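Asks: below are the sequence and a predicted model; questions follow.
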Amino acid sequence: MTPSTLHAEADQRGPDLHAPRELSPERASAADRPRQRVLHVINGEHYAGAERVQDLLAAALPQLGFEVVFAAIKPDQFPSRRKYQGARLYETPMRGKFDLTAARAVAHIARREECGLIHTHTVRSAMVGRLAARSTGLPMIHHLHSPTSGDTTHHFRNFVNAFIERRSIGNLTAAIAVSKSLAAYGAAMGIPGERVHVVHNGVPIMPVLAERPTPVGTWTLGCMALFRPRKGLEVLIEALAELRRNGVDAHLRAVGRFETPDYERTIHELAVRLGVEHAIAWRGFRSDIAAELALMDLFVLPSLFGEGLPMVVLEAMSYGIPVVGTRVEGVPEAVRENIDGLIAAPGDAVSLAEQIQRVIAGEVDWQALRISAHRRQSEHFSDLSMAAATAEIYSRVLAAAPAKQQALAATT
């Protein structure tokens, strides 16, 4: 099977990936070295949190001596919506969930591009990547973006996906977990602890926090996600209804598309039944994240389960939008309660409404929250810090790779 190439444009950055920033001396020296190519095997079906990580890594890693090449095994939205078009992207579509013939194409790409590593991101890509790694002799790194065993509301599907993932990452060279909770999940799957590395997600830094007056009167709650049951949108709508019953003039700005038409219909019916449909602006998918965040006073992510470290939370923090999240996976690792934002109990509309109302009532200082959130993101959760930690893992894996693997990759 010969793969076809898609979107191998000239090196450029999209509008919301900032121009290259000055690197530290250590990182600058890495950028001077010849680049080692890494093949990222991805789904490509959506452009959500995990895909945003892939996009940002492709943009930042060249500054650190590594060049990303993509192989999309379920190509749909990622090829056209990614912001950084400088990374070559190949389409190697699977004809079904268990079609492993794409592994031949992925292995061909790895050899053709002279890649030194294979980096996978999903259950599907781990299945394909493992076979390609065996064929080429290349080491494989798997990225844990969310707990597969608790990724959807379909328990049998979760069980099957977790089983496949566990089988696909046997004898894994290294794993990258986006939060400490996911590192524990990886260990529970049988990955040796010394092979699991925590690399927190990161987004571009906004160097200057724009001044904004504290909202008075109407408050705009914002939510941005690929809307699916585990995001807890029902809980947020119930919390909005609770707030308005208590006399709080709150409105919701919902940015993102729905995973399925059935789920969208269910959510709209709930909003009508609770009498808050008129207080919700359904924005759909928007590429201009900054413009949407600028219209939000509080960012609310009412996730029920299945999160790793949500990129939208970090993006809100970068723009100084206080976050009200839930105690799920990596969210409390980024948002310190009463310092950078507030944390509610997952699945509890009353708890969520109470935390939101604490800010609106002035019990927690909105200006202090936004200043602290902006500072925390810039110091601990940037795209460059994420890329630097990833590059360090690549370097360690390559340094430890047996000589026979390197020889096989060069001659096969």
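Replies: Good, I have the coordinates.
Asks: need the strands for the stretch 251-400 of the chain, in chain order.
Replies: 280-284, 298-300, 323-326, 341-344 (DSSP state E, counting those that start in this stretch).
Asks: same check, this time on the stretch 101-250 of the chain
Replies: Using DSSP E, counting those that start in this stretch, strands in the stretch 101-250 of the chain cover 115-120, 140-144, 174-177, 196-198, 219-224, 250-255.
Asks: make TSV from those strands and add mean pLDDT and distance to residue 293 to it.
Replies: Using the backbone N, CA and C atoms, a C-beta is placed for each residue, glycine as well. Formatted as TSV, the strands of the stretch 101-250 of the chain follow (pLDDT from 0 to 100; distance: least, Cβ to Cβ, whole Å):
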stretch	mean pLDDT	distance to residue 293
strand 115-120	96	30
strand 140-144	95	26
strand 174-177	94	27
strand 196-198	95	27
strand 219-224	96	7
strand 250-255	97	9
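Asks: so which of the strands of the stretch 251-400 of the chain is nearest residue 138?
Replies: strand 323-326 (37.7 Å; Cβ to Cβ).
Asks: what lines up beside that closest one in the sheet?
Replies: strand 298-300 (parallel), strand 341-344 (parallel) (DSSP bridges).
Asks: would you indicate which residues of it are buried?
Replies: By neighbour count on 16 or more other Cβ atoms under 10 Å, the buried set for strand 323-326 is 323-326.
Asks: longest helix of the chain?
Replies: Using DSSP state H to define each element, the chain has its longest helix at helix 383-400.
Asks: for that one, packing partners?
Replies: If contacts are counted by 3 or more Cβ pairs under 8 Å, 6 or more residues apart in numbering; DSSP states H and E, helix 383-400 sits against helix 25-32, strand 36-42, helix 49-60, strand 115-120, strand 140-144, strand 174-177.
Asks: need the winner for burial among the strands paired with strand 323-326.
Replies: strand 298-300 (a mean of 26; mean count of other Cβ atoms under 10 Å).
Asks: who's in contact with it?
Replies: 219-224, 236, 239, 293, 312-313, 316, 321-325, 352, 356, 359 (Cβ atoms under 8 Å, 6 or more residues apart in numbering).
Asks: about what we covered before: I'd like the strands of the stretch 251-400 of the chain as CSV, with mean pLDDT and distance to residue 333 appended.
Replies: Below are these laid out as CSV (pLDDT from 0 to 100; distance: least, Cβ to Cβ, whole Å):
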stretch, mean pLDDT, distance to residue 333
strand 280-284, 95, 28
strand 298-300, 97, 17
strand 323-326, 96, 11
strand 341-344, 97, 11
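Asks: closest to residue 146 out of these?
Replies: strand 323-326 (14.4 Å).
Asks: who touches that closest one?
Replies: Here strand 323-326 has contacts from 232, 298-304, 310, 313, 316-317, 331-332, 335, 340-347, 352, 355-356, 359, 373, using Cβ under 8 Å, 6+ apart.
Asks: so how far is residue 201 from residue 382?
Replies: 10 Å (Cβ to Cβ, to the nearest Å).
Asks: the more surrounded of the two?
Replies: residue 201 (25 against 22; other Cβ atoms under 10 Å).
Asks: tell me the centre residue of this structure?
Replies: In the chain, the residue lying closest to the centroid (Cα atoms, centre = their mean) is residue 49, at 2.8 Å.
Asks: and the closest residue to that one other than its chain neighbours, what does it touch?
Replies: Spatial nearest neighbour of residue 49, chain neighbours left out: residue 311 (4.4 Å); criterion: Cβ to Cβ, 6 or more residues apart in numbering. By Cβ under 8 Å, 6+ apart, residue 311 lies in contact with 49, 52-53, 201, 203.
Asks: check residue 122 too.
Replies: Residue 122 makes contacts with 42-43, 50, 145, as judged by Cβ under 8 Å, 6+ apart.
Asks: how about CSV for the contacts of residue 311, with pLDDT added?
Replies: Below are the contacts of residue 311 laid out as CSV (pLDDT from 0 to 100):
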residue, pLDDT
49, 87
52, 94
53, 96
201, 97
203, 96
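Asks: before we move on, back to that, could the helices and strands packed on helix 383-400 be laid out in CSV, adding distance to residue 391?
Replies: What follows is the helices and strands packed on helix 383-400, written out as CSV (distance: least, Cβ to Cβ, whole Å):
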stretch, distance to residue 391
helix 25-32, 7
strand 36-42, 9
helix 49-60, 9
strand 115-120, 11
strand 140-144, 12
strand 174-177, 11
